[in-house]
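Asker: The sequence isn't on hand, but the structure is:
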(Lines give C-alpha, C1' and ligand atoms only; values in the text may rest on other atoms or scores of the structure.)
Protein backbone atom coordinates (compact mmCIF):
# COMPACT_ATOMS: atom_id res chain seq x y z
CA UNK A 1 0.00 0.00 0.00
CA UNK A 2 2.85 2.29 0.87
CA UNK A 3 4.48 1.54 -2.46
CA UNK A 4 1.21 2.35 -4.20
CA UNK A 5 1.01 5.57 -2.27
CA UNK A 6 4.58 6.40 -3.19
CA UNK A 7 4.04 5.83 -6.86
CA UNK A 8 0.76 7.68 -7.08
CA UNK A 9 0.94 11.05 -8.78
CA UNK A 10 0.16 13.56 -6.10
CA UNK A 11 -0.56 17.22 -5.86
CA UNK A 12 2.97 17.93 -4.69
CA UNK A 13 4.36 17.96 -8.19
CA UNK A 14 7.21 20.26 -7.19
CA UNK A 15 8.75 17.63 -4.94
CA UNK A 16 10.13 14.27 -5.94
CA UNK A 17 7.62 11.59 -5.07
CA UNK A 18 7.03 8.17 -6.48
CA UNK A 19 10.61 7.06 -5.97
CA UNK A 20 11.30 4.18 -3.64
CA UNK A 21 12.67 6.21 -0.77
CA UNK A 22 11.19 9.62 -1.61
CA UNK A 23 8.18 11.45 -0.29
CA UNK A 24 4.80 9.81 -0.36
CA UNK A 25 2.29 11.56 -2.59
CA UNK A 26 0.29 12.61 0.45
CA UNK A 27 3.32 14.07 2.21
CA UNK A 28 4.50 15.82 -0.94
CA UNK A 29 1.09 17.48 -1.23
CA UNK A 30 1.18 18.59 2.40
CA UNK A 31 4.72 19.94 2.11
CA UNK A 32 3.81 21.89 -1.05
CA UNK A 33 0.71 23.30 0.65
CA UNK A 34 2.80 24.33 3.65
CA UNK A 35 5.24 26.10 1.37
CA UNK A 36 2.35 27.98 -0.19
CA UNK A 37 1.60 29.24 3.30
CA UNK A 38 -1.15 26.88 4.40
CA UNK A 39 -0.44 26.42 8.09
CA UNK A 40 -3.10 23.72 8.30
CA UNK A 41 -0.91 21.50 6.08
CA UNK A 42 1.81 21.58 8.72
CA UNK A 43 -0.75 20.76 11.42
CA UNK A 44 -1.81 17.77 9.32
CA UNK A 45 1.80 16.57 9.14
CA UNK A 46 2.15 16.93 12.90
CA UNK A 47 -1.00 14.94 13.53
CA UNK A 48 0.15 12.25 11.12
CA UNK A 49 3.60 11.74 12.65
CA UNK A 50 3.39 12.93 16.25
CA UNK A 51 2.59 9.53 17.78
CA UNK A 52 5.41 7.75 15.95
CA UNK A 53 7.87 10.46 16.98
CA UNK A 54 6.65 10.43 20.57
CA UNK A 55 6.79 6.63 20.88
CA UNK A 56 10.28 6.46 19.45
CA UNK A 57 11.47 9.17 21.81
CA UNK A 58 9.73 7.49 24.73
CA UNK A 59 11.38 4.15 23.94
CA UNK A 60 14.72 5.89 23.81
CA UNK A 61 14.59 8.35 26.69
CA UNK A 62 11.96 6.79 28.94
CA UNK A 63 10.36 9.77 30.61
CA UNK A 64 7.15 11.27 29.28
CA UNK A 65 8.32 14.84 29.92
CA UNK A 66 11.54 14.39 27.97
CA UNK A 67 9.71 12.60 25.17
CA UNK A 68 7.10 15.38 24.99
CA UNK A 69 9.83 18.04 24.82
CA UNK A 70 11.69 16.11 22.15
CA UNK A 71 8.51 15.61 20.11
CA UNK A 72 7.81 19.32 20.21
CA UNK A 73 11.39 20.16 19.29
CA UNK A 74 11.26 17.73 16.35
CA UNK A 75 8.31 19.58 14.85
CA UNK A 76 9.79 23.01 15.56
CA UNK A 77 12.90 21.97 13.64
CA UNK A 78 10.80 20.47 10.89
CA UNK A 79 8.84 23.74 10.63
CA UNK A 80 12.06 25.69 10.25
CA UNK A 81 13.62 23.33 7.75
CA UNK A 82 10.59 22.22 5.75
CA UNK A 83 10.77 25.13 3.28
CA UNK A 84 14.22 23.85 2.29
CA UNK A 85 13.27 20.14 2.39
CA UNK A 86 14.18 18.71 -1.03
CA UNK A 87 11.92 15.65 -0.78
CA UNK A 88 14.61 13.16 -1.68
CA UNK A 89 14.08 11.31 1.60
CA UNK A 90 10.84 10.01 3.04
CA UNK A 91 9.47 12.66 5.40
CA UNK A 92 9.14 9.95 8.04
CA UNK A 93 12.85 9.09 7.69
CA UNK A 94 13.72 12.74 8.10
CA UNK A 95 11.56 13.13 11.23
CA UNK A 96 12.96 9.93 12.76
CA UNK A 97 16.46 11.19 12.10
CA UNK A 98 15.75 14.44 13.95
CA UNK A 99 14.15 12.44 16.78
CA UNK A 100 17.07 10.03 17.16
CA UNK A 101 19.59 12.86 17.05
CA UNK A 102 17.74 14.80 19.74
CA UNK A 103 17.53 11.67 21.91
CA UNK A 104 21.24 11.00 21.45
CA UNK A 105 21.98 14.65 22.33
CA UNK A 106 19.93 14.29 25.50
CA UNK A 107 21.83 11.16 26.35
CA UNK A 108 25.10 13.04 25.90
CA UNK A 109 23.87 15.77 28.24
CA UNK A 110 22.81 13.25 30.88
CA UNK A 111 25.56 10.77 30.47
CA UNK A 112 26.00 10.33 34.20
CA UNK A 113 22.32 9.82 34.87
CA UNK A 114 20.20 6.81 34.00
CA UNK A 115 18.90 7.55 30.52
CA UNK A 116 15.75 5.52 30.83
CA UNK A 117 13.61 6.10 33.90
CA UNK A 118 12.63 2.51 34.57
CA UNK A 119 10.19 3.29 37.38
CA UNK A 120 8.20 5.62 35.20
CA UNK A 121 8.09 3.33 32.20
CA UNK A 122 7.12 0.38 34.36
CA UNK A 123 4.25 2.32 35.91
CA UNK A 124 2.33 2.15 32.63
CA UNK A 125 2.25 -1.66 32.53
CA UNK A 126 -1.31 -2.89 32.02
CA UNK A 127 -2.81 -4.85 34.91
CA UNK A 128 -2.92 -8.62 34.54
CA UNK A 129 -5.78 -10.74 35.84
CA UNK A 130 -4.05 -12.87 38.47
CA UNK A 131 -1.64 -11.32 40.99
CA UNK A 132 1.00 -13.95 40.19
CA UNK A 133 0.76 -13.34 36.47
CA UNK A 134 0.92 -9.59 37.11
CA UNK A 135 4.06 -9.94 39.18
CA UNK A 136 5.63 -12.22 36.59
CA UNK A 137 4.83 -9.87 33.74
CA UNK A 138 6.18 -6.92 35.69
CA UNK A 139 9.41 -8.74 36.41
CA UNK A 140 9.77 -9.60 32.75
CA UNK A 141 9.08 -6.05 31.59
CA UNK A 142 11.52 -4.58 34.07
CA UNK A 143 14.18 -7.03 33.00
CA UNK A 144 13.62 -6.32 29.31
CA UNK A 145 13.68 -2.57 29.88
CA UNK A 146 16.84 -2.83 31.90
CA UNK A 147 18.43 -4.92 29.16
CA UNK A 148 17.35 -2.43 26.47
CA UNK A 149 18.54 0.49 28.60
CA UNK A 150 21.93 -1.17 28.95
CA UNK A 151 22.46 -1.19 25.19
CA UNK A 152 24.68 1.55 23.77
CA UNK A 153 22.49 4.46 22.59
CA UNK A 154 22.98 3.99 18.84
CA UNK A 155 22.40 0.24 19.14
CA UNK A 156 19.27 0.90 21.15
CA UNK A 157 18.03 3.36 18.53
CA UNK A 158 18.44 0.73 15.80
CA UNK A 159 16.58 -1.89 17.85
CA UNK A 160 13.73 0.51 18.57
CA UNK A 161 13.40 1.59 14.93
CA UNK A 162 13.38 -2.01 13.69
CA UNK A 163 11.47 -3.93 16.34
CA UNK A 164 8.95 -1.29 17.45
CA UNK A 165 8.66 1.08 14.50
CA UNK A 166 9.03 -1.73 11.97
CA UNK A 167 11.27 0.27 9.63
CA UNK A 168 13.21 -1.45 6.84
CA UNK A 169 16.95 -1.82 7.38
CA UNK A 170 17.74 0.53 4.49
CA UNK A 171 15.67 3.29 6.08
CA UNK A 172 17.28 2.74 9.49
CA UNK A 173 20.67 3.04 7.79
CA UNK A 174 19.66 6.44 6.36
CA UNK A 175 18.37 7.58 9.74
CA UNK A 176 21.51 6.49 11.56
CA UNK A 177 23.84 7.67 8.81
CA UNK A 178 25.57 4.33 8.30
CA UNK A 179 25.60 1.36 5.93
CA UNK A 180 22.74 -1.13 5.85
CA UNK A 181 25.20 -3.92 6.65
CA UNK A 182 26.25 -2.07 9.79
CA UNK A 183 22.62 -1.88 10.93
CA UNK A 184 22.13 -5.60 10.36
CA UNK A 185 25.33 -6.54 12.17
CA UNK A 186 24.39 -4.23 15.06
CA UNK A 187 20.90 -5.70 15.26
CA UNK A 188 22.28 -9.19 15.29
CA UNK A 189 24.65 -8.36 18.12
CA UNK A 190 22.00 -6.43 20.07
CA UNK A 191 19.39 -9.19 19.90
CA UNK A 192 21.89 -11.84 20.89
CA UNK A 193 23.10 -9.68 23.77
CA UNK A 194 19.55 -9.00 24.97
CA UNK A 195 18.62 -12.64 24.92
CA UNK A 196 21.74 -13.71 26.83
CA UNK A 197 21.45 -10.91 29.34
CA UNK A 198 17.83 -11.77 30.04
CA UNK A 199 18.74 -15.43 30.34
CA UNK A 200 21.34 -14.53 32.94
CA UNK A 201 18.95 -12.27 34.89
CA UNK A 202 15.75 -14.31 34.73
CA UNK A 203 17.22 -17.77 34.22
CA UNK A 204 17.28 -19.70 30.96
CA UNK A 205 14.29 -21.82 31.85
CA UNK A 206 12.18 -18.82 32.78
CA UNK A 207 13.07 -17.04 29.56
CA UNK A 208 12.31 -20.14 27.52
CA UNK A 209 8.93 -20.51 29.25
CA UNK A 210 8.12 -16.84 28.93
CA UNK A 211 9.06 -16.56 25.27
CA UNK A 212 7.08 -19.70 24.49
CA UNK A 213 4.08 -18.15 26.22
CA UNK A 214 4.47 -14.70 24.69
CA UNK A 215 3.84 -15.69 21.14
CA UNK A 216 4.33 -12.08 20.02
CA UNK A 217 7.77 -12.51 18.51
CA UNK A 218 8.08 -13.05 14.81
CA UNK A 219 8.97 -16.58 13.85
CA UNK A 220 11.23 -17.46 11.00
CA UNK A 221 8.30 -19.35 9.56
CA UNK A 222 6.25 -16.15 9.24
CA UNK A 223 5.73 -15.02 5.72
CA UNK A 224 4.31 -12.11 3.87
CA UNK A 225 0.51 -12.50 4.03
CA UNK B 1 22.59 -21.42 1.02
CA UNK B 2 25.56 -20.37 3.13
CA UNK B 3 25.29 -19.61 6.84
CA UNK B 4 26.08 -15.93 6.30
CA UNK B 5 23.21 -15.48 3.88
CA UNK B 6 20.97 -17.60 6.13
CA UNK B 7 21.65 -15.29 9.07
CA UNK B 8 20.82 -12.24 7.01
CA UNK B 9 17.49 -13.80 6.14
CA UNK B 10 17.08 -14.87 9.73
CA UNK B 11 17.33 -11.30 10.85
CA UNK B 12 14.74 -10.29 8.27
CA UNK B 13 12.57 -13.18 9.36
CA UNK B 14 12.57 -12.52 13.08
CA UNK B 15 12.27 -8.73 12.92
CA UNK B 16 10.04 -8.49 9.89
CA UNK B 17 8.59 -10.84 7.35
CA UNK B 18 10.03 -12.96 4.62
CA UNK B 19 8.53 -13.56 1.23
CA UNK B 20 7.64 -17.26 0.63
CA UNK B 21 10.63 -18.06 -1.61
CA UNK B 22 13.23 -16.75 0.80
CA UNK B 23 11.44 -18.31 3.75
CA UNK B 24 11.50 -21.72 2.09
CA UNK B 25 15.21 -21.36 1.31
CA UNK B 26 15.93 -20.35 4.90
CA UNK B 27 13.90 -23.18 6.39
CA UNK B 28 15.73 -25.64 4.16
CA UNK B 29 19.04 -24.31 5.45
CA UNK B 30 17.93 -24.39 9.10
CA UNK B 31 16.81 -27.99 8.73
CA UNK B 32 20.39 -29.00 8.00
CA UNK B 33 22.35 -26.52 10.15
CA UNK B 34 22.18 -26.87 13.94
CA UNK B 35 24.26 -23.75 14.52
CA UNK B 36 21.93 -21.51 12.54
CA UNK B 37 18.94 -23.18 14.22
CA UNK B 38 20.32 -22.25 17.63
CA UNK B 39 20.96 -18.75 16.36
CA UNK B 40 17.40 -18.54 15.08
CA UNK B 41 15.99 -19.64 18.44
CA UNK B 42 18.07 -17.02 20.24
CA UNK B 43 17.02 -14.19 17.94
CA UNK B 44 13.37 -15.21 18.01
CA UNK B 45 13.43 -15.20 21.80
CA UNK B 46 15.14 -11.80 21.87
CA UNK B 47 12.52 -10.25 19.59
CA UNK B 48 9.66 -11.93 21.48
CA UNK B 49 10.95 -10.46 24.73
CA UNK B 50 11.30 -7.01 23.22
CA UNK B 51 7.79 -7.16 21.84
CA UNK B 52 6.46 -8.11 25.24
CA UNK B 53 6.84 -4.50 26.29
CA UNK B 54 3.62 -2.51 25.97
CA UNK B 55 3.36 0.36 23.53
CA UNK B 56 4.11 3.64 25.32
CA UNK B 57 0.98 5.73 25.46
CA UNK B 58 0.82 9.47 26.10
CA UNK B 59 -1.34 10.53 29.07
CA UNK B 60 -4.94 11.41 28.34
CA UNK B 61 -5.41 14.94 27.08
CA UNK B 62 -1.75 15.24 26.22
CA UNK B 63 -2.13 15.76 22.47
CA UNK B 64 -4.54 18.65 22.85
CA UNK B 65 -2.10 20.46 25.12
CA UNK B 66 0.74 19.47 22.85
CA UNK B 67 -0.86 21.08 19.80
CA UNK B 68 -1.64 24.27 21.71
CA UNK B 69 1.94 24.46 23.04
CA UNK B 70 3.41 23.76 19.61
CA UNK B 71 1.26 26.41 17.96
CA UNK B 72 2.36 28.94 20.60
CA UNK B 73 5.99 28.18 19.92
CA UNK B 74 5.54 28.27 16.16
CA UNK B 75 3.90 31.69 16.36
CA UNK B 76 6.94 33.02 18.17
CA UNK B 77 9.23 31.33 15.69
CA UNK B 78 11.28 33.87 13.73
CA UNK B 79 11.35 32.59 10.19
CA UNK B 80 14.13 33.80 7.89
CA UNK B 81 13.05 36.75 5.72
CA UNK B 82 13.58 34.76 2.53
CA UNK B 83 11.28 32.02 3.76
CA UNK B 84 8.61 34.49 4.81
CA UNK B 85 8.74 36.29 1.47
CA UNK B 86 8.68 33.07 -0.50
CA UNK B 87 5.69 31.82 1.44
CA UNK B 88 3.98 35.21 1.27
CA UNK B 89 4.31 35.40 -2.48
CA UNK B 90 3.50 31.73 -2.89
CA UNK B 91 -0.07 32.21 -1.68
CA UNK B 92 -2.25 32.41 -4.81
CA UNK B 93 -4.50 35.31 -3.67
CA UNK B 94 -1.45 37.29 -2.63
CA UNK B 95 0.41 36.47 -5.80
CA UNK B 96 -2.56 37.75 -7.80
CA UNK B 97 -2.78 40.91 -5.71
CA UNK B 98 0.95 41.46 -5.97
CA UNK B 99 0.84 41.03 -9.75
CA UNK B 100 -2.06 43.49 -10.04
CA UNK B 101 -0.36 46.05 -7.79
CA UNK B 102 2.90 45.72 -9.73
CA UNK B 103 1.08 46.16 -13.05
CA UNK B 104 -0.70 49.25 -11.74
CA UNK B 105 2.55 50.74 -10.46
CA UNK B 106 4.30 50.13 -13.78
CA UNK B 107 1.40 51.75 -15.66
CA UNK B 108 1.42 54.85 -13.45
CA UNK B 109 5.18 55.23 -13.73
CA UNK B 110 5.12 54.81 -17.51
CA UNK B 111 2.38 57.43 -17.83
CA UNK B 112 4.17 59.87 -15.55
CA UNK B 113 7.48 59.48 -17.37
CA UNK B 114 5.79 59.85 -20.75
CA UNK B 115 4.15 63.14 -19.68
CA UNK B 116 7.43 64.43 -18.29
CA UNK B 117 9.18 63.76 -21.58
CA UNK B 118 6.54 65.51 -23.71
CA UNK B 119 6.25 68.57 -21.42
CA UNK B 120 8.49 71.63 -22.24
CA UNK B 121 11.46 72.05 -19.95
CA UNK B 122 10.61 74.31 -17.05
CA UNK B 123 14.14 75.56 -16.59
CA UNK B 124 14.90 78.92 -18.12
CA UNK B 125 17.62 78.56 -20.70
CA UNK B 126 20.27 81.26 -20.84
CA UNK B 127 20.37 82.83 -24.23
CA UNK B 128 23.04 82.97 -26.92
CA UNK B 129 26.68 82.71 -25.99
CA UNK B 130 25.95 81.90 -22.32
CA UNK B 131 23.91 78.79 -23.11
CA UNK B 132 27.00 76.81 -24.04
CA UNK B 133 28.47 77.33 -20.57
CA UNK B 134 25.49 77.34 -18.28
CA UNK B 135 24.46 73.71 -18.48
CA UNK B 136 21.91 72.24 -16.01
CA UNK B 137 24.78 70.48 -14.20
CA UNK B 138 26.62 73.78 -13.71
CA UNK B 139 23.44 75.44 -12.48
CA UNK B 140 22.84 72.66 -10.05
CA UNK B 141 26.31 72.90 -8.61
CA UNK B 142 26.31 76.71 -8.50
CA UNK B 143 22.90 77.96 -7.28
CA UNK B 144 24.18 81.55 -7.25
CA UNK B 145 24.98 81.34 -10.95
CA UNK B 146 21.55 79.97 -11.60
CA UNK B 147 20.02 82.91 -9.75
CA UNK B 148 22.19 85.33 -11.70
CA UNK B 149 21.07 83.85 -14.98
CA UNK B 150 17.45 84.26 -13.98
CA UNK B 151 18.06 87.89 -13.03
CA UNK B 152 19.81 88.50 -16.32
CA UNK B 153 16.97 86.96 -18.22
CA UNK B 154 14.47 89.14 -16.38
CA UNK B 155 16.54 92.30 -17.13
CA UNK B 156 19.12 92.62 -19.88
CA UNK B 157 18.29 89.30 -21.39
CA UNK B 158 14.70 90.33 -21.81
CA UNK B 159 15.87 93.50 -23.60
CA UNK B 160 18.00 91.45 -25.91
CA UNK B 161 15.14 89.13 -26.79
CA UNK B 162 12.53 91.82 -27.16
CA UNK B 163 13.75 95.24 -28.42
CA UNK B 164 12.24 98.31 -26.74
CA UNK B 165 11.10 99.86 -30.02
CA UNK B 166 10.74 98.76 -33.62
CA UNK B 167 13.04 100.33 -36.10
CA UNK B 168 11.24 101.87 -39.13
CA UNK B 169 11.40 99.62 -42.23
CA UNK B 170 13.15 102.29 -44.28
CA UNK B 171 15.81 103.05 -41.76
CA UNK B 172 19.41 102.70 -43.01
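Answerer: That came in fine, so what should we check first? Just so it is clear, the structure is predicted and the values come from calculations on it, not from any experiment.
Asker: Output the below-cut-off pLDDT ranges for the chain.
Answerer: All of this is about chain A. Residue ranges of chain A with pLDDT under 70: A:1-22, A:112-130, A:210-225.
Asker: right idea, wrong chain: chain B
Answerer: For chain B, the ranges with pLDDT under 70 are B:79-96, B:116-134, B:138-139, B:141-146, B:148-149, B:151-172.
Asker: How many neighbouring residues does residue A:73 have?
Answerer: 19 (other Cβ atoms under 10 Å in any protein chain shown). All C-beta atoms are positioned from the backbone trio N, CA, C, and that covers glycine.
Asker: Residue B:44 contacts residue B:14, correct?
Answerer: Yes: with contact defined as Cβ atoms under 8 Å, residue B:44 counts as touching residue B:14 (5.2 Å).
Asker: who has more neighbours, the two?
Answerer: residue B:14 (27 against 22).
Asker: Look at the more buried one and give its secondary structure.
Answerer: Secondary structure assignment for residue B:14 (DSSP: H, G, I helix; E, B strand; the rest coil): helix.
Asker: Now do it against residue A:145, distance only.
Answerer: The spacing between residue B:14 and residue A:145, counted by Cβ to Cβ, to the nearest Å, is 20 Å.
Asker: how's chain B carved up into domains?
Answerer: Following automatic domain parsing, chain B resolves into domains at B:3-50, B:91-120, B:128-161.
Asker: could you pull out the helices for the chain?
Answerer: Picking chain A for this. A:2-7, A:25-35, A:39-61, A:64-81, A:91-109, A:118-123, A:131-149, A:153-159, A:169-176, A:180-202, A:204-214 (DSSP state H).
Asker: I was after chain B.
Answerer: Counting by DSSP H, the helices of chain B are B:3-15, B:20-32, B:34-50, B:62-75, B:81-90, B:92-118, B:128-131, B:136-141, B:143-154, B:156-161.
Asker: hmm, back to that, residue B:18: which of the helices of chain A is closest?
Answerer: Ranking the helices of chain A by distance to residue B:18, with Cβ to Cβ as the measure, places helix A:169-176 first at 13.2 Å.
Asker: How about the closest one, which residues are buried there?
Answerer: Neighbour-count burial for helix A:169-176 flags A:169, A:171, A:172, A:173, A:174, A:175, A:176 (criterion: 16 or more other Cβ atoms under 10 Å in any protein chain shown).
Asker: Closest one of those residues to chain B?
Answerer: residue A:169 (7.9 Å; Cβ to the nearest Cβ).
Asker: Hmm, that closest one is touching residue A:161, no?
Answerer: No: the pair residue A:169 / residue A:161 is not scored as a contact, 9.4 Å apart, by Cβ under 8 Å.
Asker: list the buried ones in stretch B:14-21?
Answerer: B:14, B:15, B:16, B:18.
Asker: Check the gap between the first one and residue B:52 for me.
Answerer: Spelled out, it's residue B:14. 14 Å.
Asker: And the last one, by the same measure?
Answerer: Here the distance between residue B:18 and residue B:52 works out to 22 Å (Cβ to Cβ).
Asker: got it, and residue B:74?
Answerer: Distance from residue B:74 to residue B:52, by Cβ to Cβ: 38 Å.
Asker: Likewise for residue B:43?
Answerer: Residue B:43 sits 15 Å away from residue B:52, going by Cβ to Cβ.
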